[in-house]
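Q: When you get a sec, could you give me coordinates for this:
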Amino acid sequence: MESKYEIILYWSSEDDAYIAEVPELAGCMADGKTYQEALANAQRIIEEWIETARGLGRPIPQPKGRLLYA
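A: Numbers count the residues shown, from 1 in each chain. The predicted structure follows:
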């Protein structure tokens with residue numbers, strides 16, 4: 001599945017890993033030892049987040065694309 005949700009990737013010295021956050025899906029985040037690993041893990045977690053939400057009958061937000069910051 002190709003995700004259209006925005007993924008924010010950054011290095012965390014505290015975790016000694018790259019962190020991938022998906023702001024549009026509450027609590028959806030992943031990590032990895034490399035940038036590519038964190039991105040791949042985030043894509044897998046997005047699928048699992050959506051699958052879990054469907055199973056619980058919860059709404060799934062439509063991807064908005066690039067978020068705007070003030």
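Q: Show me where the chain dips below the pLDDT cut-off.
A: 1-2, 67-70 (pLDDT under 70).
Q: 90 - rerun?
A: Across the chain, the ranges flagged by pLDDT under 90 are 1-4, 64-70.
Q: Spatially central residue for it, please.
A: Centroid-nearest residue in the chain: residue 22, 3.2 Å away (criterion: C-alpha atoms, centre = their mean).
Q: Is residue 59 in a helix, a strand, or coil?
A: Of the three states, residue 59 takes coil under DSSP: H, G, I helix; E, B strand; the rest coil.
Q: Setting the sequence-adjacent residues aside, check what's closest to it.
A: Nearest-residue entry for residue 59: residue 53, 7.3 Å, with adjacent residues in sequence omitted and distances by C-beta to C-beta, 6 or more residues apart in numbering. In this view, the C-beta of every residue, glycine as well, is placed from N, C-alpha and C.
Q: which residue sits closest to residue 33, ignoring its sequence neighbours?
A: Using C-beta to C-beta, 6+ apart and skipping residues adjacent in sequence, the residue nearest residue 33 is residue 17, 6.1 Å away.
Q: can you give me the helices for the chain?
A: Using DSSP state H, the helices of the chain run over 35-56.
Q: these two touch, right, residue 30 and residue 48?
A: No - the pair residue 30 / residue 48 is not scored as a contact, 9.8 Å apart, by C-beta atoms under 8 Å.
Q: if you count what's nearby, which of those two comes out ahead?
A: Between residue 30 and residue 48, residue 30 has the larger neighbour count (other C-beta atoms under 10 Å), namely 23 against 11.
Q: Without its sequence neighbours, what residue ends up closest to the more buried one?
A: Counting by C-beta to C-beta, 6+ apart, the residue nearest residue 30 is residue 41, at 3.7 Å.
Q: what number of residues lie near the one you found?
A: Applying other C-beta under 10 Å, I find that residue 41 has 16 neighbouring residues.
Q: what does residue 59 give?
A: 7.
Q: Now residue 38: closest residue in space, sequence neighbours ignored.
A: residue 32 is the one closest to residue 38 (C-beta to C-beta, 6+ apart), at 3.4 Å.
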